[in-house]
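> 3D model of this:
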Amino acid sequence: MSGIVTGYLLFAGGVLLFVWQHTATNTASLEVRLAAARGTRTSTTGRTRNAVDRDLPPALANWLARTRRDLLLAGEGKTLRRFLLDKLLAAVAVALIPLVPYTALTHRAPSPFLALILAAAGFWVPDLALRGAVRQRRERVFTELPDALAMMALSLGAGQSLRRALELAARDCRGPLGVDIATALTRARRDTTLDERHALVQVASEGGEPNFARFTQLLATKESPYLDFLRSNAAQARSEQNRLLEQAADRAYLKMHAPLAPLLTTLILVVAYGFLHLLQSSI
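Reported below is the predicted structural model:
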């Protein structure tokens, strides 16, 4: 009895550990907040980090660089150290949650191979969550783009400059697109050799959303006036958004009705078998 109680206590501890590592509030470090204020996406000077990365195997160094970039794109303020700690906690929690109750109930040690598989699976859970966060951020940028372009076109139509139109769009967009536009404007203010259009190109290429990146590249090559250009791009972005939403609705419709296919097939087979059986008995 004591073994069962101990097992369930450990099980509850593993569940709490898993919940904590997913819901703990992450406060961005001072370097990250200063970088955001300066209009940069990097949280360190890079000298110490690059010196350490040069001593690592190329595959590991590439993974660390890609993870740092995704953490910055996710916009949650999570550092690489915290992310690695989350991976370790997830590996321990995913292994403990099913194996501790099993050990308490059966009084047998689980297979080390099974424990290793579960720990390895848990170790990569934060990576999947990070990729999902980056993908959701890019989707939010895509959904906010038509409204931002419409706001910019409205501002230009009212006689505002392109910089002022971008400032109004950054203030109007509450999501990640507004943050990206504000970051580009901050870069342009701090670097006298960089105008707001090319700063937008840099920020959009770092964000990785293809529609926003394509728009900024076209804007960088476009000369004033920009009003007709912004109106046409806003209409195009809205049309592309509606097309993708229709495709998503069609996929959702198919997924909703997909479970009916085996049921209908089974029903047809049962009816056909009953009809053939009735026909055979009547002859």
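> for the helix or strand containing Leu114, buried residues please.
Taking DSSP states H and E as the definition, Leu114 sits inside helix 112-123. Buried residues in helix 112-123, counted by 16 or more other Cβ atoms under 10 Å: 118-119, 122-123. C-betas here are computed from N, CA, C, even on glycine.
> which one of the residues you listed sits closest to Ala65?
Comparing those against Ala65 with Cβ to Cβ places Phe123 closest, at 19.3 Å.
> my read: the closest one touches Leu89, true?
No: at 9.8 Å, Phe123 and Leu89 do not qualify as touching, with contact defined as Cβ atoms under 8 Å.
> okay, now the domains of the chain?
2-134, 135-253 (automatic domain parsing).
> worst mean pLDDT among the ones you listed?
The stretch with the lowest mean pLDDT among those is domain 2-134, at a mean of 71.
> what packs against the longest helix seen in the chain?
Across the chain, the longest stretch assigned as helix under DSSP state H is helix 125-157. Packed against helix 125-157, as judged by 3 or more Cβ pairs under 8 Å, 6 or more residues apart in numbering; DSSP states H and E, are the following elements: helix 58-74, helix 80-106, helix 162-172, helix 176-190, helix 196-207, helix 210-221, helix 227-257.
> and if we set it to 7 Å?
Counting contacts by 3 or more Cβ pairs under 7 Å, 6 or more residues apart in numbering; DSSP states H and E, helix 125-157 packs against helix 58-74, helix 80-106, helix 162-172, helix 176-190, helix 210-221, helix 227-257.
> compare these and give me the one nearest Asp147.
helix 162-172 (7.5 Å).
> tell me which residues in that closest one are buried?
Within helix 162-172, the residues scored as buried using 16+ other Cβ under 10 Å are 162, 165-170, 172.
> report the buried residues of stretch 242-262.
In stretch 242-262, counting by 16+ other Cβ under 10 Å, buried: nothing.
> please identify the deepest-packed of the domains of the chain.
domain 135-253 (a mean of 17; mean count of other Cβ atoms under 10 Å).
> so Tyr226 touches Leu156, yeah?
Yes: applying Cβ atoms under 7 Å, one finds Tyr226 in contact with Leu156, separated by 5.9 Å.
> shared neighbours, the two?
Among the neighbours of Tyr226, none is also in contact with Leu156 (Cβ atoms under 7 Å, 6 or more residues apart in numbering).
> ok, back up a step: tabulate the buried residues of helix 162-172 (CSV), appending distance to His198.
Converted to CSV, the buried residues of helix 162-172 look like this (distance: Cβ to Cβ, whole Å):
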residue, distance to His198
Leu162, 12
Ala165, 16
Leu166, 13
Glu167, 17
Leu168, 20
Ala169, 17
Ala170, 17
Asp172, 23
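> Leu264: which of those is nearest?
Closest to Leu264 out of the buried residues of helix 162-172 is Asp172 (49.4 Å), distances taken as Cβ to Cβ.
> pretty sure the closest one contacts Ala150?
No: shown here, Asp172 and Ala150 do not form a contact pair, counting by Cβ under 7 Å, at 9.6 Å.
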